[in-house]
Structure formats: structure tokens, C-alpha cells
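# This is the structure alone, sequence omitted:
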């Protein structure tokens, strides 16, 4: 039995009241047999340093399997897809690209099971089909499987083929709380007085920082009232107050997870309340700039840039040839990455004739004593000089999770060969970007 079910069972035994589940007023139900959907694969390793480890391209494998299995999936076509390690990355990229149709979200979690001498990788897959990219819909019940040594792909394929996501409406839950204002706040919610309910829950949460239910309800009520900034603010306060093991269990009771997904959904909806900053996609002009080479290998810049350009082409983009980029930059007196610091992004974009730029640094590129490639890359919208996305949304090097809107840009990969590491480092940057079928 999963942790969430155990917690819910404990709640039932203790006499917990069911929450008030409200369908968002703007919620739409996606068709059960949609002609085309955007696929988001969110994969996580819940025991990052433990063995056995999942493949570094586990999310990409899931996306490939889902797109290949036409007979069992909820959408007839999956022409666009993303693979992310944090849903906050999707929220960041929505400022420049938004899918036109329904969205199939698939979560693939990795944990460990078994005794010390017989540890196995446990996979958990859950999915949902929703009308919008950031609808807060409940996923279908998760499916579990263990991967025997050498049997990862077969275990993953078995789970994915069994997952039958049903169309889901976006819902928001408000729970009965404790305290002097809880009954009044819940009654206001039952009457649909969202602004009143939100204010009362916020008052209760402000008076007692440990009242996580009040903070969660304040966020939910503000969302239903259409005040997304306040909804995101109160959800952030909730996460800040939920430190330690006890806080994690209470978040599990509230959301069935650590709350980061809801934070990203709110951040994404907030970003979509404004017109997109630009139109990113196969038709966008894109250039990979010379990279700061902080390693002794003089050829590292050319090798990394070539790998990134290759990965972008595989994803459906048409980046400017690096040699052409370098030739155009010479007109500005730029012959190495360090010279770029003297120029503004909009000027660089005009010179290389690209609206979007990939810039960054190579921090490690070595074979001994341990093969290692570490690059720091960012996607920049040149006309506004705004950084759209950096790295994968997590700091792989230190194993820290980051908050929505604050992605850790370090990418660290260790593979069988330096060439494999180089390719994986480039693909790790590109995977979260929208991919387009050719």
C-alpha cells in the first residue's frame, strides 16, 4: 500500500471529514479520444544517490514508449512533447510556448525496494488527461512495478501500456480546519463566497504559522476567487512552513505529494494570464553562442556547442550553424565567449540574426580521475534580454530541489564514455524544451 493511501486510511480511522472539492469555473473537460495532445513526462528519482539508479534518460524513454504505443494511449497523436524533472520548468517555458490542445501529463517516479543485498528499482506511473497545460486535475490511481536487473525498459513499457488516463476536470479542494475561524471560513466556501473564505483562512494561517490546512485553504480559495498571485503566495508560505519530516507527511495528506506540482500549476496559470512573450518553436530563429570554457580542454567549446546544436535539431529546431554565428559575431569584435559580456543580448541577437540564444559555460570536461561533463546553459529571449529557462530545474550536482521560478542551472552527467557524457549533457538541457514531430 502506498504512503498516500496509508495516510488517507489513518485519516479515515481518525474521523477526518471529506474535503469540499470544487470544479474550477473555467474548467473544461478534454475529449476522451482527442485527435492530438501535448505530452508532458515528469520523471523523478526519489532516492537520488541510492542504487540501483534509473537510466539518466528515463524520462525520454517513457516519452518514446508512449508515442510509439498508438493502440492504448488516450490521444490519437502526440505531435509535441516535453520531458522534465520539475514541473516548474514547464511553467517557465510557457512564457514562450503553449500547446494548442489537450495535455497528457504522465508522472514516472523511481524508488527502491527490497533488502540491502537485493535492492530493486520500483517504478510508479500516474497520468491524467486535462484540457489545459496547468489545470489542477487529480491524476488517475498510480500503477506500480519492480524492475528486475536489466529489465527496466520492459517494466516501464508494461506500466505505460496499462495506464488508461481518463479526461479530468480541474478541481480545487478545501478542507475543514481547526481554530476559531475555521467553521466560518469553511461555511463561506460552501456558499461559494471565495474572497470571504480566502480572507478568513489567510487570517487563521497568519495567526498560526503551523496551521498548514489554513494556508492550503487560503491558497485554494484565492485560486477560486481568481486571485492567482495571492494563491501562489499562500502556497509558497505553506511550503516554507512545511520543513522537516512532519511537514512532508502533512503535505502528503494535503496534496498526495510535496506540493511542488501545485506551485508550478499556479505559476503556469499566472504566466498564461498574460500574452506570451514570444513564439518559440520550429520556426523560431535560434543560435548557440560560444560558451565560456573553464576547462583545460581547448576544444571543449566546439564539442559542446556541436552536441547542443545536434540535440536541438533532433527536437525539431533549426539552429544557426555555429560557424555562421562565429562569423557574424566577428563584426562586433567578438572572437571568444568572454567578449560577449561587453554586449547586450538584444544587440547580440540582431547581429547573429536570432530571436533566441543559448549561452553559458563549460565547467568540467575531463576524462581523469573520473569522466565528467558539467555545463551551465540558459535559453535567452534576445529582444527583451530575459532568461527563459536555465538547466533542468534542479541542481543535479548537489541534489537540491528548487522552487518554481528558481531553476538550478547545473547539469551533471556521468556515463560510459566522455562522448556519451557530452551527448547526455546536451540532451539534458534540450529535453525539457517542447519537441516537435517531423
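Cool, the structure landed. Fair warning: this is a prediction, and the values are worked out from it, not measured in the lab.

# Now do stretch 93-112, average pLDDT.
Averaging pLDDT along stretch 93-112 gives 90.

# which other helices and strands contact the host helix or strand of residue 325?
Taking DSSP states H and E as the definition, one finds residue 325 inside helix 322-330. Applying 3 or more CB pairs under 8 Å, 6 or more residues apart in numbering; DSSP states H and E, we find helix 322-330 packed against strand 286-288, helix 300-314, helix 345-352. Using the backbone N, CA and C atoms, a C-beta is placed for each residue, glycine as well.

# Report the buried residues of the second one.
Think helix 300-314. 300, 301, 302, 303, 304, 305, 307, 308, 309, 311, 312 (16 or more other CB atoms under 10 Å).

# What lies in contact with the one helix or strand residue 35 maps to?
Using DSSP H and E, residue 35 sits in strand 34-45. By CB atoms under 8 Å, 6 or more residues apart in numbering, the list of residues contacting strand 34-45 from outside reads 30, 53-54, 58-60, 62-63, 66-67, 74-87, 90, 99, 101-110, 129, 133, 261, 434.

# and with 7 Å instead?
By CB atoms under 7 Å, 6 or more residues apart in numbering, the residues outside strand 34-45 that reach it are 54, 58-59, 62-63, 66, 75-85, 87, 90, 99, 101-110.

# what pairs with that strand, and is each one parallel or antiparallel?
According to DSSP bridges, strand 34-45 forms sheet pairs with strand 75-84 (parallel), strand 103-113 (parallel).

# Buried residues, the last one. List them.
Meaning strand 103-113. 103, 104, 105, 106, 107, 108, 109, 110, 111, 112.

# Equivalent analysis for the first one, please.
Burial within strand 75-84, assessed by neighbour count using 16+ other CB under 10 Å, is assigned to 75, 78, 79, 80, 81, 82, 83, 84.

# could you give the mean pLDDT of that strand?
91.

# Report the distance from that strand to the chain centre.
Remark: strand 75-84 is offset 15 Å from the chain centroid, using CA atoms, centre = their mean, to the nearest Å.

# how much space is there between the residue nearest the centre of the chain and residue 252?
Residue closest to the average C-alpha location in the chain (CA atoms, centre = their mean): residue 87, at 2.2 Å. Separation of residue 87 from residue 252 (CB to CB, to the nearest Å): 17 Å.

# ok, residue 339 - contacts?
Here residue 339 is in contact with residue 333 (criterion: CB under 7 Å, 6+ apart).

# can you rerun that using 8 Å?
Contacts for residue 339 (CB under 8 Å, 6+ apart) come out as 329, 332, 333.

# Need the buried ones from those residues selected in ChimeraX.
Selecting only the buried entries of these in ChimeraX, with 16+ other CB under 10 Å as the criterion:
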select :329,332
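
# any idea how far residue 295 is from residue 315?
Distance from residue 315 to residue 295, by CB to CB: 26 Å.

# now do residue 347
Distance from residue 347 to residue 295, by CB to CB: 28 Å.

# the more surrounded of the two?
Neighbours were counted for residue 347 and for residue 295 using other CB atoms under 10 Å; residue 295 has more, 19 against 13.

# excluding its backbone neighbours, what's nearest that one?
Leaving aside its sequence neighbours, residue 295 sits nearest to residue 365 (CB to CB, 6 or more residues apart in numbering; 4.4 Å).

# For that neighbour, list the residues it contacts.
Here residue 365 is in contact with 295, 297, 300, 303, 304, 372, 373, 374, 418, 422 (criterion: CB under 8 Å, 6+ apart).

# pretty sure the fourth one is touching residue 421, no?
No: at 10.8 Å, residue 303 does not count as touching residue 421 under the criterion of CB atoms under 8 Å.

# Can you tell me which helix or strand of the chain has the lowest average pLDDT?
Of all helical and strand segments in the chain, the minimum by mean pLDDT, DSSP states H and E falls on strand 394-395, at a mean of 27.

# ok so, going back, the residue nearest to residue 295 looks like it's in a helix, true?
No: applying DSSP: H, G, I helix; E, B strand; the rest coil, one finds residue 365 to be strand, outside a helix.

# Could you number the chain from 847 rather than 1 from now on?
All right, first residue 847 from here; so that's residue 1211.

# is it in a bridge, and if so with what?
Taking DSSP bridges as the rule, residue 1211 bridges to residue 1219.

# how many neighbours does residue 877 have?
Neighbours of residue 877 (other CB under 10 Å): 15.

# Secondary structure of it: a helix, I assume?
No: under three-state DSSP, residue 877 sits outside any helix and is assigned coil.

# Show the contacting residues for it.
948, 1013.

# Around residue 896, how many other residues sit close by?
13.

# Please tell me how far it sits from residue 959.
According to CB to CB, residue 896 stands 11 Å off from residue 959.

# ditto for residue 934
From residue 934 across to residue 959, the span is 28 Å (CB to CB).

# Helix, strand, or coil at residue 934?
Per three-state DSSP, residue 934 ends up helix.

# what's the burial count for it?
Neighbours of residue 934 using other CB under 10 Å come to 26.

# Distance check, the closest residue to residue 883 other than its chain neighbours against residue 1270.
Once flanking residues are discounted, residue 883 sits nearest to residue 921: 3.6 Å by CB to CB, 6+ apart. Relative to residue 1270, residue 921 is positioned 29 Å away (criterion: CB to CB).

# One more: residue 1002?
In terms of CB to CB, residue 1002 sits 18 Å off from residue 1270.

# Have a look at those two and say which one is more surrounded.
Taking other CB under 10 Å, residue 1002 and residue 1270 do not tie; residue 1002 has more neighbours (24 against 21).

# still on that earlier bit, export the contacts of residue 1211 to JSON lines and tack on pLDDT?
Converted to JSON lines, those look like this (pLDDT from 0 to 100):
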{"residue": "1141", "pLDDT": "83"}
{"residue": "1143", "pLDDT": "83"}
{"residue": "1146", "pLDDT": "85"}
{"residue": "1149", "pLDDT": "88"}
{"residue": "1150", "pLDDT": "88"}
{"residue": "1218", "pLDDT": "71"}
{"residue": "1219", "pLDDT": "77"}
{"residue": "1220", "pLDDT": "80"}
{"residue": "1264", "pLDDT": "58"}
{"residue": "1268", "pLDDT": "76"}
